[in-house]
Every structure is written in C-alpha cells, then in structure tokens.
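**Student:** Sequence and computational prediction follow.
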Amino acid sequence: MEQFLEGRTALVTGAGPNIGSGIALALASYGATVACNDVDLDNARACVARLERNGYRGIALQGDVTAEDEVAANVQAVLDAFGKIDILVNNAALLGGKGVLDETAEAFARAVLVSGLGTFLFTKHVARSMCERQIRGSIVCISSSHGWSASPGVVAYAFHKGGINNFVRAAAMDLAPYGIRVNGYSPTAPTPDNPDLVAKGTAPLLSGRGGRLGGGGGDEEWRRPTHYTGDRPPLVPMGTTGTPTDIGHCVAWMCSDYARLITGCDFVVDGGARAKNFSYMPAPASDLLGPLPVVPME
Ligand SMILES: NC(=O)c1ccc[n+]([C@@H]2O[C@H](COP(=O)([O-])OP(=O)(O)OC[C@H]3O[C@@H](n4cnc5c(N)ncnc54)[C@H](O)[C@@H]3O)[C@@H](O)[C@H]2O)c1
C-alpha cells in the first residue's frame, strides 16, 4: 500500500468492530498512527488489537463523545503521545431507533447528542489543536444514506444524519482559512468484513427479508405495515454496497494530500445505490459482471 499517510496521527471516534475499526485499519495501512476512541473501552482495545495484529500502531481511549471534559482529555492524550493530530474521523453514533409514532424523547435526545454534539465537540477540540500547530488537517464526519433519504423507523437517526451533512459544510467554511478540510462520508449498509464480526456470522443489512433498521411499532388496530415483507428485489445497480474496507480506502484517500482542495463534500462508495432512481430495479447481482475484487487490508 502506498504510504501516503506516513507520519500522520489520526483519531477515530466510536471505533467499534464494524465501520470504525475498518476505517482505523485503512488509515494505519496507508501509514497513519491511529488513536481509537470509544465509550466502551473494550471496543477501542479490540480495534487497537486488530491494528497490532496487522503490524500497525495505535492507542485505545475511553471517552464519551457527548462529555466535553472527556473529549478534551482524549484529545490531550493523543497530543501528549504523538505531538499533533492530523486526521479526525467522527464516526460514533447510535444506530437503529424507532419511527415518529413510537420514538421516546429520551432515545431521540441521546441519539442526537451522540451524533450531533459528539461530532461538534471532537471537531472543535481537534480543530483548535490543528490551528495552534498550523496542521492543515482533514476531518471526516460519518453520515449515512439516511442523511439523504428516508426509511421508516429511524426518525432520530435520519434527523441527526441530515444535520451532520450541513455541519460538514458549516465547519468546512469555519476551518477553510486554516487549511483544514472537512468532508462527509455516507455509508450505505456495508457488509461487515472484520474477521471478528464475520466469525460471529453478522448478516449483511440488505440481504434477505425485512432488514434490521429501526424498531417495530405497537399493536394498535390502526397500525399499518411500514415495510414490504416479501423477498427483497435487487436494490443496488452494481450488486453490492461493499464493505468497511471499501469505506476505509475512500476515507484514507480523503485524508491524503491528493485531496488537498476537497472540502465541504460528501462521498459514497455504494455501487450506484444513491444515484439510482426510485423506480429502477436493477438486475440480480448474479447476472452482473460485478465490481473489481476489493483490495484487502488484512
Ligand atoms: N452499519 C451500517 O450499516 C451503517 C450505515 C450507514 C451509516 N453508518 C454509520 O457508520 C458509523 C459506524 O457504524 P457501525 O455500523 O460501525 O456502528 P457500531 O454501532 O458498530 O459502532 C458505533 C460505535 O460507537 C460507539 N459509541 C456509541 N456511543 C458513543 C459515545 N457516546 N461516545 C463514544 N463512542 C460511542 C459504540 O460503542 C460503538 O462501538 C456510524 O456513524 C453509523 O451511523 C453505519
């Protein structure tokens, strides 16, 4: 792998075993040293263990992205260990949720705080460290396909991911004078490829019937179904939305000098899913030539 992030220090929030770990591994594969934050220290440690298994360096940090003192302490710990932060990936979020008929005030507020406040606090503290040191860094905020279009059962998630998309543009404007770039990346239900998750048999989100997005409703007699419950038709023009490894390659490139003038943008690696017209039903994946093989990280 070309070491275009050599000498860079990265911080990834919510470095759980799926997308956060995939991004951390990619940043390390391209040469960065990676600090892995999570509210659950076991997740952060598992992420670092995966980096080390593959011959890379990282540190694990316990911290709640919604607590400013913990965010500041995490940022200071990385500065103490490595002297600077060049890359921040705001990845922590609470997935799932409920629809507008069923969501609670508490769950709605917590989901918005983790995504919105957490992204703001880490961006603020890391960006201040970059400005002080004249680091022309890169900040990537992880959004979602649900930040751009909707499904039933995820009203808080759709709300805060939509907010992330315009936070990216606002922060990009605030930080452009300092040479700091801020971009979004919108995952589209990647198929988990971390061996730890694959061993547990984690199912791809888009396969089979239904899916695991959002919570169910109540049993009142006026309830109507929100989901088609038959076998899913093909949904993705190229047959697959990829894996966290595909996301990692893209995010690492977004943080490289090749992307020096890219700011305030959103990226997808989704096999054409977001570009698809609502009425177009692609051919089955088995009939397609399919994408090139993924470039593996481990
Ligand atoms: N998995 C998908 O299909 C999918 C699709 C679109 C977007 N995304 C986005 O990608 C990102 C990662 O998703 P994932 O599937 O890896 O999720 P995940 O639930 O596996 O990982 C999220 C991590 O965030 C951590 N976290 C939760 N609250 C926190 C807090 N207050 N402070 C610090 N850490 C906290 C969790 O402990 C967990 O390890 C999220 O922003 C998610 O919204 C995921």
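**Tutor:** That came through fine. A quick note: this is a predicted structure, and the numbers were derived from the prediction, not measured.
**Student:** is it true that residue 90 touches residue 138?
**Tutor:** No: the pair residue 90 and residue 138 fails to qualify as a contact (CB atoms under 8 Å) at a distance of 11.7 Å. Heads up, the C-betas are built off the backbone N, CA and C, glycines and all.
**Student:** Look at the two and report which has more neighbours.
**Tutor:** Neighbours per residue (other CB atoms under 10 Å) separate residue 90 from residue 138, with residue 90 holding more: 31 against 27.
**Student:** So what sits opposite that one in the bridge?
**Tutor:** residue 141 (DSSP bridges).
**Student:** Next, the contact list for it, please.
**Tutor:** Going by CB atoms under 8 Å, 6 or more residues apart in numbering, residue 90 touches 13, 65, 118, 119, 122, 123, 139, 140, 141, 142, 164.
**Student:** what about 7 Å?
**Tutor:** 13, 118, 119, 122, 123, 141, 142 (CB atoms under 7 Å, 6 or more residues apart in numbering).
**Student:** now residue 263
**Tutor:** 172, 176, 181, 182, 183.
**Student:** partner residues bridging the closest residue to it other than its chain neighbours?
**Tutor:** Nearest non-adjacent residue to residue 263, counting by CB to CB, 6 or more residues apart in numbering: residue 181, 4.0 Å away. Per DSSP bridges, the residues bridged to residue 181 are residue 138.
**Student:** outside of the worst-scoring helix or strand of the chain on mean pLDDT, which residues touch it?
**Tutor:** Lowest mean confidence among the helices and strands of the chain (mean pLDDT, DSSP states H and E): helix 195-199, at a mean of 93. Helix 195-199 is contacted by residues 17, 18, 46, 192 when judged by CB under 7 Å, 6+ apart.
**Student:** Recalculate using a threshold of 10 Å.
**Tutor:** 16-18, 21-22, 46-47, 49-50, 53, 191-192, 202, 244, 298 (CB atoms under 10 Å, 6 or more residues apart in numbering).
**Student:** okay, and the common contacts of residue 90 and residue 138?
**Tutor:** Counting by CB under 10 Å, 6+ apart, the residues touching both residue 90 and residue 138 are residue 182.
**Student:** hang on, residue 64 packs against residue 118?
**Tutor:** Yes: using CB atoms under 10 Å, residue 64 is in contact with residue 118, at 8.1 Å.
**Student:** Please say which of these two ends up with more neighbours.
**Tutor:** For residue 64 versus residue 118, neighbours defined as other CB under 10 Å are more numerous around residue 118 (27 against 19).
**Student:** got a list of what the more buried one touches?
**Tutor:** Residue 118 sits in contact with 13-14, 37, 39, 63-67, 71, 90-94, 112, 160, where contact means CB under 10 Å, 6+ apart.
**Student:** ok, and which of those residues reach the ligand?
**Tutor:** 13, 14, 37, 39, 64, 65, 66, 91, 92, 93, 94 (CB under 6 Å from any ligand atom).
**Student:** Among the residues you listed, which one has the most neighbours?
**Tutor:** Neighbour counts for those, by other CB under 10 Å, peak at residue 37, which reaches 34 neighbours.
**Student:** May I have the helix or strand encompassing it exported as CSV, CA atoms only?
**Tutor:** Assessed by DSSP states H and E, residue 37 sits inside strand 33-38. What follows is strand 33-38, C-alpha atoms only, in CSV (Å, rounded to 0.1, in the frame of the first residue of the first chain):
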residue,chain,number,x,y,z
THR,A,33,-0.8,6.1,13.7
VAL,A,34,-4.3,5.8,14.9
ALA,A,35,-5.9,6.7,18.3
CYS,A,36,-9.2,4.7,18.7
ASN,A,37,-11.9,6.3,20.9
ASP,A,38,-15.0,4.5,22.2
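**Student:** I'd like to know which elements that strand is packed against.
**Tutor:** Applying 3 or more CB pairs under 10 Å, 6 or more residues apart in numbering; DSSP states H and E, one finds that strand 33-38 makes contact with strand 9-12, helix 19-29, helix 41-53, strand 58-62, helix 68-82, strand 87-90.
**Student:** now with 8 Å?
**Tutor:** On a contact count with 3 or more CB pairs under 8 Å, 6 or more residues apart in numbering; DSSP states H and E, strand 33-38 meets strand 9-12, helix 19-29, helix 41-53, strand 58-62, helix 68-82.
**Student:** pLDDT of it, averaged?
**Tutor:** Strand 33-38 shows a mean pLDDT of 98.
**Student:** Kindly report the same for stretch 118-130.
**Tutor:** Averaging pLDDT along stretch 118-130 gives 99.
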